[in-house]
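attaching a predicted model along with its sequence, questions to come.
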Amino acid sequence: MFQKDMKYSLLLDFYGDILSERKREIIELYYNEDLSLAEVSEITGISRQGVRDSVKKTESELMQLEEKLGLAKRFEDIGNQLDVVVETLQNAIESPEISKNEIVKAINIISDINL
């Protein structure tokens with residue numbers, strides 16, 4: 001038995017609308033609803049092997065989209081940058097001695113975020 005790689009659930013959030021309706025339905029049932037291949041097979045009327053093949057092909061398609069567009073990576077990077085900003089500003093509130101350089105650093109991080 002293998003463990004589901006939940007990165008596909010995140011990729012589905014970004015690229016799900018690009019997939020065909022059938023592929024999106026199958027991968028959503030498998031990852032977001034956490035159903036087994038057999039359960040997805042019952043719901044969709046596709047053989048278990050057909051569901052597995054569809055999941056594998058869709059996983060590959062999602063990875064290709066991420067490699068080309070990089071939306072999930074960019075989202076993660078922005079989140080990490082904002083975490084640094086929040087931490088710096090919280091430290092500034094808690095410690096009046098924090099240097100202006102730290103606040104400038106936070107401002108620069110915000111400025112460098114390309115949306």
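Noted; the coordinates are in hand.

tell me the spacing between the residue of the chain most remote from its centre and residue 84.
Going by Cα atoms, centre = their mean, the residue of the chain most distant from its centre is residue 97, 37.8 Å out. Distance, residue 97 to residue 84, using Cβ to Cβ, to the nearest Å: 19 Å. Placement of C-beta: from N, CA and C, glycine included.

number of residues surrounding residue 27?
By other Cβ atoms under 10 Å, 25 other residues sit near residue 27.

residues in contact with it?
When contacts are counted by Cβ atoms under 8 Å, 6 or more residues apart in numbering, residue 27 touches 8, 12, 16, 19, 54, 55, 58, 59, 62.

report the buried residues of the helix or strand harbouring the first one.
With elements delineated by DSSP states H and E, residue 8 resides in helix 7-15, which encompasses its position. Within helix 7-15, the residues that qualify as buried by neighbour count (16 or more other Cβ atoms under 10 Å) are 8, 9, 10, 11, 12, 14, 15.

show the pLDDT at the first one.
Residue 8 carries a pLDDT score of 94 in this model.

I'd like the average pLDDT over the helix of greatest length in the chain.
Looking across the chain with DSSP state H, the single longest helix is helix 71-94. Across helix 71-94, pLDDT averages out at 86.

correct me, but residue 28 touches residue 12?
Yes: Residue 28 is within contact range of residue 12, at 6.6 Å (criterion: Cβ atoms under 8 Å).
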